[in-house]
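Visitor: based on what follows, work out the 3D shape:
(chains A and B)
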Amino acid sequence: MKLAAIDWVILVLYFIFVLGIGYALKRHMRSSEDYFLSGRSIPAWVAGLAFLSANLGAQEVIGMAASGAKYGLATSHFYWVGAIPAMVFLGIFMMPFYYGSRARSVPEYLKLRFDEKTRGFNAISFAAMTIFSSGISMYAMGLLLNLLLGWDFTVSVWVSAGVVLLYILLGGLTSAIYNEVLQFFLIVFGFAPLVFLGLQDIGGWAGLTAALNDVATSRGYEAGAWTQTWSMTGEPAANPMGVEWFGIAMGLGFVLAFGYWCTDFLVVQRAMAADSMSAARRAPIIAAVPKMLFPFLVILPGMIAIGLMQNVDTTGFSLPSKADGAINYDLAIPMLLMEYFPNGMLGLGLTALLASFMSGMAGNVTAFNTVWTYDIYQSYIRSGASDAHYLMVGRVATVAGVSLSVAAAYVANRFNNIMDMLQLLFAFVNAPLFGTFLLGMFWKRATGHGAFFGLVSGTLAAALHHGLSLPRGSVVGVKGGWLDVMQTYPSEMAQNFWTAIYAFTACFVLTIVISLMTRARDERELVGLVYSLTDKPQEQGVAWYARPAPLGMVVLGLTLILSVLFW
Amino acid sequence: MSQPLGLDVRWPLGLLFTLIGLLLAGYGLIYDGRVPGGQDMAGQPMSGLHINVWWGMVLVVFGASVLWLARRAARAGAVATPP
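Guide: From the prediction side, this is the model:
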């Protein structure tokens, strides 16, 4: 489909607003705290929506729809078992330490709680990871826009990188957060009509279920495998994900989701910018409310696409294939946009897609410039300089971060394998992280040596497990088995979940053992950093809906209801 | 408290959606931007749904409400903290 003038007008209008926000905030960026932490002045609802949006990069949106097509509604495990409980846990139990310790970043908390080497390990791996994820996101965008609209890869990458660079350079974290709020509503208002039109076309929920039952039976599963979440997880072979309930609950729900949502500075930074402890704690819980409904916005389109494709004779809709003949599931949302939206709405949908690409990039860049400036530059390169100096370093780091991301996008374009390997490496580093934070925050006896060597052994355990296992039907190499194939998993996802379980367990056990063998830290130094030594936040006289714990319980209750409805 | 950074995010948010909504609705009214051809993929008429017009109006309502909230907050803030 061709874009009309109206689509361009909407797209350009959005760009003007994005840059306008950066410009309007420019004169308020006086100190490094303004620039990196929004001066800790963001209201709870804004921090909450930004918390959600920072993760809602286009890879998430496109990837979730692709999984919806591939695995059906079970993809919502990433939300209802994964994200939501972790976000509630972060708000109720962990935020008091992040916010209360006055740490300016997640690695800095590790420095306060443990020691320099644990911080260094986390800061450096995190900084490298943000650059590569932002690069991969840009690469995906360039590829998609080229395929869809015939736009030039180089133009797409440079224009979007330029816009992101400008608004972060001008308005720092606040600018990124404000744009994430715009992006949140663009995604909601851009994709909701898509789901509505798609469902109407396929004959409502009943029509969708019927089509997806055909999909399931034609691929050798029981009817319902695409529209139910838990009932097929008794055995890995019974569901398209190839994972059983324990792997989902433990690997995805406990280790991976808590590891990401509770320790990744990219999202935690948004809550740390809130204007009070109470707002910081409520931010992730407020974010959980829309998050709980997002499966219907981003997974459902994928399910609709594959349902339409099943009846291609009558619907005429099908997803294109990749070069190797496999269905290109990533195109589910873009193809539906093209199918259902007339000019005008198409501009809105495209703007939503671009907005999510750009804010995914911006999230990485703002997390990168903070960790680089505070945790690497100020700690190892030049400490004790003036605040104005660090503000300047932050701006330079923003330029460097965006440029490196662009470079990474080109590397991804040339050498796909390198990117796969790097992503794998980061997965190894991240898998055990939650063990370190859990022990750090809730066990005062955990020591710096214990944390550091626990983390390193967790990473090694992840690498070892990956090297010894292989998903069925894969070739030895980046997919695993590079040491020896001792274990075969039904799917890549099952292998990922179990890698995480092994990494977490190794980190958890070794941190405890080594901590007990090393000298404990003076308890007075740990006040405000560990649960048992910190005063509980005072909440007398605050309405229940303004308190994190009751709010969190309501969110968990609603999630449970959703899970049961779609059991 | 209402405008800690000198810019309440509700102003640009409300304005952007009001403008996009007006553009969509206006375009829809002039060019009759139906779902392609006024038919769905199975060839059934989609009840003549003017998606641009209707959704544009939804966006205008949303944008205007956000602007109203921003204005209310700005006034409350002005009363609470006189210059």
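
Visitor: from here on, contacts and neighbour counts on C-alpha atoms
Guide: Noted.

Visitor: how long is stretch A:288-300 end to end?
Guide: End-to-end span of stretch A:288-300 (C-alpha to C-alpha, to the nearest Å): 19 Å.

Visitor: got the contact list for residue A:311?
Guide: residue A:211 (C-alpha atoms under 8 Å, 6 or more residues apart in numbering or on different chains).

Visitor: my guess is residue A:487 meets residue A:468, correct?
Guide: Yes. Taking C-alpha atoms under 8 Å as the definition, residue A:487 is a contact partner of residue A:468 at 6.6 Å.

Visitor: state the distance from the nearest residue to residue A:442 once chain neighbours are set aside to residue B:71.
Guide: Once flanking residues are discounted, residue A:442 sits nearest to residue A:531: 5.2 Å by C-alpha to C-alpha, 6 or more residues apart in numbering or on different chains. Counting by C-alpha to C-alpha, the separation of residue A:531 from residue B:71 is 42 Å.

Visitor: what about the two, which has more around it?
Guide: residue A:531 (19 against 15; other C-alpha atoms under 10 Å in any protein chain shown).

Visitor: got a list of what the more buried one touches?
Guide: A:441, A:442, A:443, A:444.

Visitor: for chain B, which helix is longest?
Guide: If each helix of chain B is counted by residues according to DSSP state H, the longest one is helix B:51-80.

Visitor: same for that one, what does it pack against?
Guide: Counting contacts by 3 or more C-alpha pairs under 8 Å, 6 or more residues apart in numbering or on different chains; DSSP states H and E, helix B:51-80 packs against helix B:10-31.

Visitor: any residue of the helix it packs on touching chain A?
Guide: Yes. Between helix B:10-31 and chain A, judged by C-alpha under 8 Å from any C-alpha of the partner chain, the touching residues are B:12, B:13, B:16, B:20, B:23, B:24, B:27, B:28.

Visitor: quick one: pLDDT of the nearest residue to residue A:295 once chain neighbours are set aside?
Guide: Nearest residue to residue A:295, sequence neighbours excluded (C-alpha to C-alpha, 6+ apart): residue A:76, at 5.8 Å. On pLDDT, residue A:76 comes in at 88.

Visitor: same thing with the one 4 residues further on?
Guide: pLDDT, the model's per-residue confidence, is 92 for residue A:80.

Visitor: surely it touches residue A:563?
Guide: Yes. Between residue A:80 and residue A:563 there is a contact at 7.0 Å, judged by C-alpha under 8 Å.

Visitor: TSV for the contacts of residue A:531, including neighbour count?
Guide: Output for the contacts of residue A:531, formatted as TSV (neighbours: other C-alpha atoms under 10 Å in any protein chain shown):
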residue	neighbour count
A:441	22
A:442	16
A:443	15
A:444	20
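
Visitor: okay, and which of these map to strands?
Guide: For those, not one is inside strands, with DSSP state E as the criterion.

Visitor: could these go into JSON lines alongside distance to residue A:348?
Guide: Listed next are the contacts of residue A:531 as JSON lines, based on distance: C-alpha to C-alpha, whole Å:
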{"residue": "A:441", "distance to residue A:348": "44"}
{"residue": "A:442", "distance to residue A:348": "46"}
{"residue": "A:443", "distance to residue A:348": "49"}
{"residue": "A:444", "distance to residue A:348": "51"}
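
Visitor: need the max-distance pair from these.
Guide: A:441 and A:444 (7.3 Å; C-alpha to C-alpha).

Visitor: quick check: neighbours shared by these two?
Guide: A:530, A:531.

Visitor: chain B versus residue A:439, what's the distance?
Guide: 36 Å (C-alpha to the nearest C-alpha, to the nearest Å).

Visitor: residue A:165 is in contact with residue A:402, correct?
Guide: Yes. Counting by C-alpha under 8 Å, residue A:402 touches residue A:165, with 6.4 Å between them.

Visitor: excluding its backbone neighbours, what's nearest residue A:130?
Guide: Using C-alpha to C-alpha, 6+ apart and skipping the chain neighbours, the partner closest in space to residue A:130 is residue A:364 (5.0 Å).

Visitor: show me where the stretch 351-500 of chain A has its strands.
Guide: A:469-471, A:487-489 (DSSP state E, counting those that start in this stretch).

Visitor: tell me the strands beside the last one, with direction?
Guide: Same thing as strand A:487-489. strand A:469-471 (parallel) (DSSP bridges).

Visitor: contacting residues around the residue of the stretch 351-500 of chain A found nearest chain B?
Guide: Using C-alpha to the nearest C-alpha, the closest approach of the stretch 351-500 of chain A to chain B is made by residue A:351 at 10.8 Å. Residues near residue A:351 by C-alpha under 8 Å, 6+ apart: A:10, A:11, A:14, A:186.

Visitor: kindly reformat the residues you listed as JSON lines containing neighbour count, distance to chain B and secondary structure.
Guide: Formatted as JSON lines, these follow (neighbours: other C-alpha atoms under 10 Å in any protein chain shown; distance: C-alpha to the nearest C-alpha, whole Å; DSSP: H, G, I helix; E, B strand; the rest coil):
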{"residue": "A:10", "neighbour count": "25", "distance to chain B": "6", "secondary structure": "helix"}
{"residue": "A:11", "neighbour count": "20", "distance to chain B": "10", "secondary structure": "helix"}
{"residue": "A:14", "neighbour count": "23", "distance to chain B": "7", "secondary structure": "helix"}
{"residue": "A:186", "neighbour count": "25", "distance to chain B": "9", "secondary structure": "helix"}
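
Visitor: what about residue A:231, which SS state?
Guide: At residue A:231 the chain is in coil, as set by DSSP: H, G, I helix; E, B strand; the rest coil.

Visitor: now do it against residue A:543, distance only.
Guide: 39 Å.

Visitor: give me the more crowded residue out of these two.
Guide: Neighbour totals were compared for residue A:231 and residue A:543, and residue A:231 leads with 16 against 9 (other C-alpha under 10 Å).

Visitor: just for chain B, where's the confidence low?
Guide: For chain B, the stretches flagged by pLDDT under 70 are B:1-5, B:32-49, B:78-83.

Visitor: and the strands of the stretch 351-500 of chain A, which is most packed in?
Guide: strand A:469-471 (a mean of 25; mean count of other C-alpha atoms under 10 Å in any protein chain shown).

Visitor: still on that earlier bit, any idea how far the residue of the stretch 351-500 of chain A closest to chain B lies from residue A:504?
Guide: With C-alpha to C-alpha as the criterion, residue A:351 and residue A:504 are 39 Å apart.

Visitor: buried ones in the helix or strand bottoming out on mean pLDDT in chain A?
Guide: Using mean pLDDT, DSSP states H and E, helix A:416-430 stands out as the lowest-scoring helix or strand of chain A, at a mean of 76. Neighbour-count burial for helix A:416-430 flags A:419, A:423, A:424, A:425, A:426, A:427, A:428, A:429, A:430 (criterion: 16 or more other C-alpha atoms under 10 Å in any protein chain shown).

Visitor: may I see those arranged in TSV, with distance to residue A:152 as well?
Guide: Listed next are the buried residues of helix A:416-430 as TSV, based on distance: C-alpha to C-alpha, whole Å:
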residue	distance to residue A:152
A:419	22
A:423	26
A:424	29
A:425	31
A:426	30
A:427	31
A:428	35
A:429	35
A:430	34
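
Visitor: which of those lies closest to residue A:464?
Guide: residue A:428 (9.6 Å).

Visitor: would you check that residue B:11 makes contact with residue B:69?
Guide: No. With contact defined as C-alpha under 8 Å, residue B:11 does not count as touching residue B:69 (9.1 Å).

Visitor: surely residue A:494 touches residue A:243?
Guide: Yes. Taking C-alpha under 8 Å as the definition, residue A:494 is a contact partner of residue A:243 at 5.2 Å.

Visitor: so the residue nearest to residue A:295 touches residue A:227, yeah?
Guide: No. In this structure, residue A:76 is not within contact of residue A:227 by C-alpha under 8 Å, at 10.5 Å.
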